[in-house]
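**Q** Coordinates for the following, if possible.
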Amino acid sequence: MKFSTLLAAGIALAVTATAAFADDISGAGATFPFPVYSKWADAYKKATGVGLNYQSIGSGAGIKQIQAKTVTFGATDIPQKAEDLAKFGLVQWPQVMGGIVPVVNLEGIAAGDLVLDGPTLANIYLGKVKTWDDAAITKLNPSAKLPALPIVVVRRSDGSGTTFNFTTYLSSVSPDFKAAVGAGQAVEWPVGVGAKGNDGVAANVMQTKGAIGYVEYAFAKQNAMVNTDMINSAGKRVKPKLESFAAAASNADWNSAPNFNLVIVNQPGDASWPMTNATFILMYSQPDDKAAAAAALAFFDWSFTNGAKMAEELDYIPMPVSVIAKIKSSAWTTIITK
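**A** As a prediction, the model looks like this:
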């Protein structure tokens, strides 16, 4: 699916709810899971006749919308702390996992031709590594023909769970990045051009020679973008793919994470992709519209049961069966739908 097609699909999905489908499910938030939510929504509507009105507007905006009760569920890549959940009476659970990848626009460079490590990527986003033929990059890529071209840094301009996980990773591998920028959904970037959403970052990178950005892997894959490999915490070169995301996700200890509050970047293991993360659903434990809440839970239940293969086709990682069982027996039992 090309970028223009993906963007059009996003617009179409965001306006699905009409008078003819008054019972469609409403949600808003993270752009990271949009491709898989879109795919699930299409299949669910064919199976049940119920549509999904999902606004792909970023994790920060999604959190604000569920707090304001303008949607039935919020979606975020930023796991919420217990005190924040309690303050608003919200319940949280992970719905699916995936990977964040660096993407570049360099003539003559194909996907997987380049490799970066965490410190070098951090220094690019700190503005310390300014050109593609910088010694830090050429040392990692001695056989690549790198141009003496300025690096155009592209990053998110909106409150973003992708940014939260990306900056959490960079902070974990670079003390300088942690001190100067830190981790968060919206940070003070020292350099770069801002773009809204994964789709906005993808569009900017594709349109700008010498650009680098970070997006959810499905956006890179569907738009035939050039991603880099990464050196992981074990010092191994890994490619962004289902197997490397799954290797990292396998280390996630959800049983020891109260309220499923868990960040899984920079996991150990020779095969682990370093920027792997989960995306979460937020709902009220005592929703004003209980029928709408029940409809949303039915959709998520169907997605857990029927959506694993569809998720894997987009290189997302379905939640393990044991975690789904925990979600149903803990988070979902606290949501009053009758």
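
**Q** Name all residues that make contact with the closest residue in space to residue 190 that isn't next to it in sequence.
**A** Sequence neighbours aside, residue 127 is the residue nearest to residue 190 in space, at 5.0 Å (criterion: Cβ to Cβ, 6 or more residues apart in numbering). Using the backbone N, CA and C atoms, a C-beta is placed for each residue, glycine as well. The neighbours of residue 127, taking Cβ atoms under 8 Å, 6 or more residues apart in numbering as the test, are 153, 190-191.

**Q** ok, residue 201 touching residue 211?
**A** No. Applying Cβ atoms under 8 Å as the test, residue 201 and residue 211 come out as separate, 9.4 Å apart.

**Q** The two - which one has more neighbours?
**A** The residue with more neighbours, out of residue 201 and residue 211, is residue 201; 28 against 22, by other Cβ atoms under 10 Å.

**Q** Check the spacing between the more buried one and residue 258 real quick.
**A** 32 Å (Cβ to Cβ, to the nearest Å).

**Q** which secondary structure elements does the longest helix along the chain contact?
**A** Longest helix in the chain, counting residues (DSSP state H): helix 290-306. Using 3 or more Cβ pairs under 8 Å, 6 or more residues apart in numbering; DSSP states H and E, the elements in contact with helix 290-306 are strand 25-29, helix 34-48, strand 276-284, helix 321-329.

**Q** Show me the helices in the stretch 201-338 of the chain, by range?
**A** With DSSP state H, counting those that start in this stretch as the criterion, the stretch 201-338 of the chain has helices at 217-222, 242-249, 290-306, 308-313, 321-329.

**Q** Need the CA coordinates for the longest one. PDB is fine.
**A** Only the C-alpha atoms of helix 290-306 are listed here, as PDB (Å, rounded to 0.1, in the frame of the first residue of the first chain):
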ATOM      1  CA  LYS A 290     -22.200   0.900  28.800                       C
ATOM      2  CA  ALA A 291     -23.500  -0.400  25.400                       C
ATOM      3  CA  ALA A 292     -20.700   1.400  23.600                       C
ATOM      4  CA  ALA A 293     -18.100   0.000  26.000                       C
ATOM      5  CA  ALA A 294     -19.500  -3.500  25.500                       C
ATOM      6  CA  ALA A 295     -19.300  -3.100  21.700                       C
ATOM      7  CA  ALA A 296     -15.600  -1.900  22.000                       C
ATOM      8  CA  LEU A 297     -14.700  -4.900  24.200                       C
ATOM      9  CA  ALA A 298     -16.400  -7.200  21.600                       C
ATOM     10  CA  PHE A 299     -14.200  -5.700  18.900                       C
ATOM     11  CA  PHE A 300     -11.000  -6.200  21.000                       C
ATOM     12  CA  ASP A 301     -12.000  -9.700  21.900                       C
ATOM     13  CA  TRP A 302     -12.600 -10.500  18.300                       C
ATOM     14  CA  SER A 303      -9.300  -9.000  17.400                       C
ATOM     15  CA  PHE A 304      -7.500 -11.100  19.900                       C
ATOM     16  CA  THR A 305      -9.200 -14.200  18.700                       C
ATOM     17  CA  ASN A 306      -9.200 -13.600  14.900                       C
END
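
**Q** Give the buried residues for it.
**A** 292-297, 299-300, 302-304 (16 or more other Cβ atoms under 10 Å).

**Q** Run through the strands of the chain in chain order.
**A** 25-29, 52-56, 73-76, 90-104, 115-117, 152-156, 193-195, 211-216, 226-227, 229-231, 237-238, 276-284, 317-318 (DSSP state E).

**Q** In TSV, list those along with mean pLDDT.
**A** Converted to TSV, the strands of the chain look like this (pLDDT from 0 to 100):
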stretch	mean pLDDT
strand 25-29	97
strand 52-56	96
strand 73-76	98
strand 90-104	97
strand 115-117	98
strand 152-156	97
strand 193-195	97
strand 211-216	97
strand 226-227	97
strand 229-231	98
strand 237-238	98
strand 276-284	97
strand 317-318	96
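
**Q** Tell me which of the ones you listed lies nearest to residue 35.
**A** Distance to residue 35, taken as Cβ to Cβ, is lowest for strand 211-216 among the strands of the chain, at 7.4 Å.

**Q** Residues contacting that closest one, please?
**A** 31-33, 35, 98-105, 124, 151-155, 162, 166, 195, 198, 201-202, 204-205, 225, 275.

**Q** That strand pairs with which strands, and in what direction?
**A** Partner strands for strand 211-216, per DSSP bridges, with pairing direction: strand 90-104 (antiparallel), strand 152-156 (parallel).
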